[in-house]
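Trainee: take this sequence and fold it.
(one chain, ligands or ions: 1)
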Amino acid sequence: MRIAVIGTGYVGLVTGVVMADLGNDVVCIDNNPDKVAMLRQGKSPIFEPGLEPLLQQTLRNGQLRIAESVAEGLPGAEVVIIAVGTPPKEDGSPDLRYVEEVAREIAAALRDYTVIVNKSTVPVGTGDLVERILVENGVPADRFDVVSNPEFLREGSAVEDTLHPDRIVIGVNRREAAEKLVVLYAPLESSMIITDRASAELIKYAANCFLALKISYINAISRICERCGADVGVVAKGIGADARIGRQFLQAGLGWGGSCLPKDVQGLISIANDLGYDFDLMRSVWQINADQAQHFLDRLQERLGGFSGKAIGILGLAFKPNTDDIRHAISLALIERLLGGGASVAAYDPEAASNVRALYPGVRYTASAPEVAENADAVILVTDWPEFRRIDLSKMAESMRQPILFDGRRFFYRAQAEAAGLEYHTIGS
Ligand code: UGA
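Mentor: This is a model prediction of the structure:
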């Protein structure tokens, strides 16, 4: 099938590359010339396991092309996928500027019947908006269908998630419009939910907000655990064994970050508000998350008797492992407060350090994980990169001024850390 994907962020690029790998003729379109140049050389602008080799392979075998404008890339496409950003505006509501721009560009380039697919996370009614823009710009209504097809891939496992989705949601106002996507996605052998457009658009927000709610719930439980001597890891295991609750997304920690959960929680609160519903449940979910890392720092501050003059090591800067993404990363809020309190900070991350360096040049970025601990008064583990398992905790303890470990992801075992000579503090126990 001939497919055009507009926008080469996480969703657009991964979708384009995977669709090309499945044998479709794909053109990925981006209006950023630097990105286009990189992509044409087979370089991925984002770090995502498995993506770059697939990009190079599909470019080499001609399944994938890169174009720098909709006018250049769109002609001939049977399916056009919109995967541009919908960043939050100052009031938290999603900014649809890029979706609107792209809709106008599609209108100018559309010649034959085309299925226009919205993969960006957009409020209910955006499919109608795109439809309206096309018609207002002179495209006959029978020359296209607009379909909502939200994406559920996670950063860090985006290629894998795209190849093996739990479900594919297709929202249409005309059932026949779903047919092309059913054929396109058939090789993935995943279950498909074909529904109306409004429900599909809401499914995406409702899913991400539920995930955020689940994490905030277990983080709130962690606070209770700290007060009563219970262990949140065991509590999570105990409740997660109930199939109605499920084990996933019950890992207590410093809270959720990234480009999606924070944006979509804010987005749904604002969408609900516009519809006359005060979603106070999600406001609490947001607040619990904002408090979680600060509470952990309060504990560290109390233990050290203040931050002034103290040396703190940070392990992990990315918002989660296997990515270099630092959008809404918890590490940023921690660094801000530590530097503000007069501490000196050393940090290590296998992928994200250069991104943070641009924001906080005053932090000392080390070449390896153990180096953050040298002469430190405490080390905080912020991101649970698997490679941190290889840290020799005994050596780390010996290299520190005060052997204090604050484990923000419940990554190490208390017994293991204490046996290595570390004073161990963690979340929810
Ligand atoms: C999230 C959703 O999981 C995807 O399904 C969705 O497609 C994506 O947003 C999106 O809208 O594009 P992502 O932002 O990549 O994916 O990251 P998650 O794996 O959901 O993690 C989000 C945050 O929650 C991270 O900071 C992670 O450390 C934290 N987390 C996750 C926990 O604190 N505890 C957990 O149990 C799970």
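Trainee: and the helices in the stretch 251-400 of the chain?
Mentor: In the stretch 251-400 of the chain, the segments counted as helices under DSSP state H, counting those that start in this stretch are 261-274, 280-304, 330-340, 353-359, 393-399.
Trainee: of those, which approaches S191 most closely?
Mentor: For S191, the closest of the helices of the stretch 251-400 of the chain is helix 261-274, at 22.8 Å, according to CB to CB. For glycine as for every other residue, the C-beta is placed from the backbone atoms N, C-alpha and C.
Trainee: which residues touch R132?
Mentor: Listed by CB atoms under 8 Å, 6 or more residues apart in numbering, the contact set of R132 is empty.
Trainee: follow-up on the earlier one: please produce CSV containing the helices of the stretch 251-400 of the chain, extended by mean pLDDT.
Mentor: Below are the helices of the stretch 251-400 of the chain laid out as CSV (pLDDT from 0 to 100):
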stretch, mean pLDDT
helix 261-274, 94
helix 280-304, 98
helix 330-340, 98
helix 353-359, 97
helix 393-399, 98
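Trainee: put together JSON lines for these, with distance to the ligand and mean neighbour count on each row.
Mentor: As requested, the helices of the stretch 251-400 of the chain are arranged in JSON lines below (distance: least, CB to the nearest ligand atom, whole Å; neighbours: other CB atoms under 10 Å):
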{"stretch": "helix 261-274", "distance to the ligand": "5", "mean neighbour count": "21"}
{"stretch": "helix 280-304", "distance to the ligand": "9", "mean neighbour count": "17"}
{"stretch": "helix 330-340", "distance to the ligand": "7", "mean neighbour count": "20"}
{"stretch": "helix 353-359", "distance to the ligand": "15", "mean neighbour count": "15"}
{"stretch": "helix 393-399", "distance to the ligand": "22", "mean neighbour count": "17"}
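Trainee: closest one to D324 among the ones you listed?
Mentor: That would be, of these and by CB to CB, helix 353-359, which comes in at 6.0 Å.
Trainee: chain center to that closest one: distance?
Mentor: Centre-to-centre, helix 353-359 and its host chain are 18 Å apart (CA atoms, centre = their mean, to the nearest Å).
Trainee: got it, and stretch 404-416?
Mentor: Here stretch 404-416 shows a centroid-to-chain-centroid distance of 25 Å under the convention CA atoms, centre = their mean.
Trainee: using PDB, write down the CA coordinates of that stretch.
Mentor: Provided in PDB are the C-alpha atoms of stretch 404-416 (Å, rounded to 0.1, in the frame of the first residue of the first chain):
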ATOM      1  CA  ILE A 404      24.000   7.100  51.400                       C
ATOM      2  CA  LEU A 405      21.900   5.800  48.600                       C
ATOM      3  CA  PHE A 406      18.400   7.200  47.900                       C
ATOM      4  CA  ASP A 407      16.800   4.700  45.400                       C
ATOM      5  CA  GLY A 408      14.000   6.500  43.700                       C
ATOM      6  CA  ARG A 409      12.900   3.500  41.600                       C
ATOM      7  CA  ARG A 410      13.100   0.600  44.100                       C
ATOM      8  CA  PHE A 411      15.800  -0.700  41.800                       C
ATOM      9  CA  PHE A 412      18.200  -2.300  44.300                       C
ATOM     10  CA  TYR A 413      17.400  -4.600  47.200                       C
ATOM     11  CA  ARG A 414      17.800  -3.200  50.700                       C
ATOM     12  CA  ALA A 415      19.800  -6.300  51.800                       C
ATOM     13  CA  GLN A 416      22.200  -6.000  48.800                       C
END
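Trainee: buried stuff in that stretch?
Mentor: Across stretch 404-416, burial judged by 16 or more other CB atoms under 10 Å covers I404, L405, F406, D407, G408, R409, R410, F411, F412, R414.
Trainee: partner strands of the strand or helix carrying the third one and their direction?
Mentor: Assessed by DSSP states H and E, F406 sits inside strand 404-407. Counting by DSSP bridges, the strands paired with strand 404-407 are strand 378-381 (parallel), strand 423-426 (parallel).
Trainee: let me see the contact set for the closest residue in space to R409 that isn't next to it in sequence.
Mentor: Spatial nearest neighbour of R409, excluding adjacent residues (CB to CB, 6 or more residues apart in numbering): D384 at 4.1 Å. By CB under 8 Å, 6+ apart, D384 lies in contact with G253, G316, K320, P321, R409, F411.
Trainee: surely the third one meets S157?
Mentor: No. Contact between K320 and S157 fails when scored by CB atoms under 8 Å: they sit 10.1 Å apart.
Trainee: more neighbours, these two?
Mentor: K320 (20 against 15; other CB atoms under 10 Å).
Trainee: what are the phi and psi values for that one?
Mentor: Dihedral pair for K320: phi -160, psi 170, per degrees, to the nearest 10.
Trainee: does I427 touch R414 like I think?
Mentor: No. Counting by CB under 8 Å, I427 sits too far from R414 to count as a contact (11.9 Å).
Trainee: on the three-state scheme, the closest residue to the ligand within the stretch 1-150 of the chain is what?
Mentor: Nearest residue of the stretch 1-150 of the chain to the ligand, counting by CB to the nearest ligand atom: T121, 5.8 Å away. Classification of T121 using DSSP: H, G, I helix; E, B strand; the rest coil returns coil.
Trainee: got a list of what the closest residue to it other than its chain neighbours touches?
Mentor: Spatial nearest neighbour of T121, chain neighbours left out: K204 (5.1 Å); criterion: CB to CB, 6+ apart. For K204, the contact set (CB under 8 Å, 6+ apart) comprises T121, P150, E151, F152, V169, D264.
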